[in-house]
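Just the structure for this:
(2 chains)
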2 protein chains.
Amino acid sequence: MPKIVRFYETGGPEVLKIEELPLVEPGAGEVRLKVEAIGINRAEVMFRQGQYLENPVLPSRLGYEAAGVVDALGPGTTGITIGDRVSTIPSFSIGTYGVYGESAVVPAYAVVRYPGNLTPVEGTAIWMQYLTAFGALIEFGHVQKGVTVLITAASSSVGLAAIQITKSVGATAIAITRGADKKPFLLAAGADHVIVSDEQDLAESVMAITAGKGADVAFDPVAGALLGELAGAAAPGATIFEYGALSPATTTYPLFAALAKGLTVRGYTLFEIVKNPERLARGKQFICNGLESGALKPVIDRTFPLESIVAAHSYMESNRQKGKIVVVV
Amino acid sequence: MPKIVRFYETGGPEVLKIEELPLVEPGAGEVRLKVEAIGINRAEVMFRQGQYLENPVLPSRLGYEAAGVVDALGPGTTGITIGDRVSTIPSFSIGTYGVYGESAVVPAYAVVRYPGNLTPVEGTAIWMQYLTAFGALIEFGHVQKGVTVLITAASSSVGLAAIQITKSVGATAIAITRGADKKPFLLAAGADHVIVSDEQDLAESVMAITAGKGADVAFDPVAGALLGELAGAAAPGATIFEYGALSPATTTYPLFAALAKGLTVRGYTLFEIVKNPERLARGKQFICNGLESGALKPVIDRTFPLESIVAAHSYMESNRQKGKIVVVV
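Sure, this is the predicted structure:
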């Protein structure tokens, strides 16, 4: 019987339990994967804590991203063959279809054959990070050559994906990180500029880099006090995407900067892409092209074996990682 | 010598003084108007108080909107003839070119021949209100048939213009007003629905009207606590335009509603239209078409003679008006 990760109560990493459960047959419109690698996301940490958009029905599976080999097809699936090497797009219930384990049943619409030049570890580090960044920057933000993009939480997997996507279309990426220790890494990861927010004034630094114009787009999962700073660093007509709520502080709307500069503050989540077939198709095409050309390349911070799933979650919560955390099955 | 309104110190309405000053000749690119009517705007109240985007150089003129007859042309003006009946678009320094008086010199680019079916009192009640609403609703908000628009401060001249523009494109206008006393007026002014915010829950009322969908666009000069209420009343993917700061309270950004619904909060001012020749041309065309067809018709609350300019400002500050306050010269 395959090993599957479940939790019986919400809480810290230690609530995750590895159990042997009967192999599940895929239902109509579903496929089953023999899982090779699992991408770890903050969404799963929040779900495990009972603080996510979706609440767990206990005991609950969890997990959005897996790469593996298709080993069973449910009725009514087309375009997928047993033996296909695929990875999953987070577009389903994280609890019902949780992919943490040796075997996972997922909706057929959620699997994509990933480019053959990627390993399974890289294959499971595609969709959450690149689609999240694609949706804001390309689909809604229309980032292109000549545009300056501010990227906060830049060392996260989504932040690094945003740097790569920004660079891939010829735009300028300014990465923002709290401490100086990650600056060399972010420059090596492709950022044109890195601002260390614990040491530098954000607006002043961005104005210096942009010759007083400010940034055209900001991409931020933090909110709280950072939104006001981003508004100060923004160019007239800029768009600030807020895609998370990492700050525990109340977020004040920067009204006077917004009026004076005509700023747009746009709440955004990946669901706007994955729930819309046309946007999703454009995103898949953009990302597959970038992966095949090498313009996009997943940055893997560290891998853990499945037995160390608790340690993998603890490490995610340490915020020390630079890139994707992957569990190898 | 023409009578001109100036102020020597910032403060209440009583600082406005009527003086006889020498007739001014228009310079290069300028024209002079024999003023027939002056539109009173909140911008002038704020400028007089020293709380506007532009600070007065004392003693200062003031005023953005006048209708009159062209009686002198400066060098290099084209397309304008002495005797033309024009009104002014607020697109210049409110202090340098202040139009409060019997004569006003303004940039030639700022004058437009208004439709012949309008009186001077109506002619001076066009550009601030209709261009402000046009820019948000039509140029940026793409309001069209099937769209539901929430309009706050609905009895103001801009609010009434927004109701008319919304209706002129076949969309649904929901007017929001604090007290029940203005409800019959707003229904007569064309609003499809009126919500009295002192008595009704905003989100509940909008959801009831829209069968649970919410409003697609909101157009709000208040901000403060109202932004969170508008977010609660908004549909997925909605845009909330903030075009003023009438509330003295801090404005909290509705982060969780913005994430869950993919909301856009857009700071907006008329300057984004009047400083952009293409947008301004589209706005002028849209508004002239509407005025000529009768789809748009300025609502005049009350007129004052020039000698009563202090009373006109006091009345503006009373917030009792329903529509435009105009001074007849």
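
Helices along the stretch 151-300 of chain A, start to end?
Assigned by DSSP state H, counting those that start in this stretch, the helices in the stretch 151-300 of chain A fall at A:157-168, A:183-188, A:202-209, A:226-232, A:255-261, A:271-274, A:277-293.

Okay, buried residues for the fifth one please.
Neighbour-count burial for helix A:255-261, with 16 or more other C-beta atoms under 10 Å in any protein chain shown as criterion, is recorded at A:L255, A:A257, A:A258, A:L259, A:K261. C-beta here means a position set from N, CA and C on the backbone, and glycine is covered the same way.

For these, give me TSV that also has distance to chain B.
Output for the buried residues of helix A:255-261, formatted as TSV (distance: C-beta to the nearest C-beta, whole Å):
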residue	distance to chain B
A:L255	5
A:A257	7
A:A258	3
A:L259	5
A:K261	7
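
would CSV of those with pLDDT be doable?
Formatted as CSV, those follow (pLDDT from 0 to 100):
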residue, pLDDT
A:L255, 97
A:A257, 96
A:A258, 97
A:L259, 95
A:K261, 97
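
and which of those is nearest A:G294?
Distance to A:G294, by C-beta to C-beta, is smallest for A:K261 among these, at 36.8 Å.

Apart from its chain neighbours, what residue comes closest to the closest one?
Leaving out its chain neighbours, the residue that sits closest to A:K261 by C-beta to C-beta, 6 or more residues apart in numbering or on different chains is A:P236, at 4.7 Å.

same question, A:A191
A:A175 (3.8 Å).

Bridge partners for that neighbour, pull those for me.
A:I151, A:V194 (DSSP bridges).

so what's it up against?
Counting by C-beta atoms under 8 Å, 6 or more residues apart in numbering or on different chains, A:A175 touches A:I151, A:A154, A:G159, A:I163, A:L186, A:A189, A:A191, A:H193, A:V194, A:I195.

so who does A:G76 touch?
Taking C-beta under 8 Å, 6+ apart as the test, what A:G76 contacts is A:A28, A:G29.

do the same with A:V274
By C-beta under 8 Å, 6+ apart, A:V274 lies in contact with A:I89, A:P90, A:S91, A:L131, A:L280.

ok, now A:E19?
Counting by C-beta under 8 Å, 6+ apart, A:E19 makes contact with A:K3, A:I4, A:V5, A:R6.

can you check A:T88 too?
Residues near A:T88 by C-beta under 8 Å, 6+ apart: A:33, A:64-67, A:99, A:104, A:106, A:110-112, A:124, A:127.

Kindly recompute the last result at 10 Å.
Going by C-beta atoms under 10 Å, 6 or more residues apart in numbering or on different chains, A:T88 touches A:31, A:33, A:35, A:38-39, A:63-68, A:97, A:99, A:104, A:106-107, A:110-112, A:123-124, A:126-128.

got it, and A:S247?
Per C-beta under 10 Å, 6+ apart, neighbours of A:S247: A:D220, A:P221, A:V222, A:A223, A:G224, A:A225, A:L226, A:L227, B:L255.

for chain A, which strand is longest?
If you go by DSSP state E, chain A has its longest strand at strand A:30-40.

Tell me which strands that one pairs with, and in which orientation.
The partner list of strand A:30-40 in its sheet, established with DSSP bridges, is strand A:65-73 (antiparallel), strand A:103-107 (antiparallel), strand A:324-328 (antiparallel).

Need those in JSON lines (columns: mean pLDDT).
Putting the strands paired with strand A:30-40 into JSON lines (pLDDT from 0 to 100) gives the following:
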{"stretch": "strand A:65-73", "mean pLDDT": "98"}
{"stretch": "strand A:103-107", "mean pLDDT": "97"}
{"stretch": "strand A:324-328", "mean pLDDT": "98"}
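
What residues does the residue nearest to A:G98 when sequence neighbours are not counted make contact with?
Leaving aside its chain neighbours, A:G98 sits nearest to A:R61 (2.8 Å; criterion: C-beta to C-beta, 6+ apart). A:R61 is in contact with A:4-7, A:21, A:93-101, A:104, counting by C-beta under 10 Å, 6+ apart.

can you check A:I82 too?
Applying C-beta under 10 Å, 6+ apart, the residues near A:I82 are A:V31, A:R32, A:V69, A:V70, A:D71, A:A72, A:L73.

go again using 7 Å as the cut-off
A:I82 is in contact with A:V70, A:D71, A:L73, counting by C-beta atoms under 7 Å, 6 or more residues apart in numbering or on different chains.
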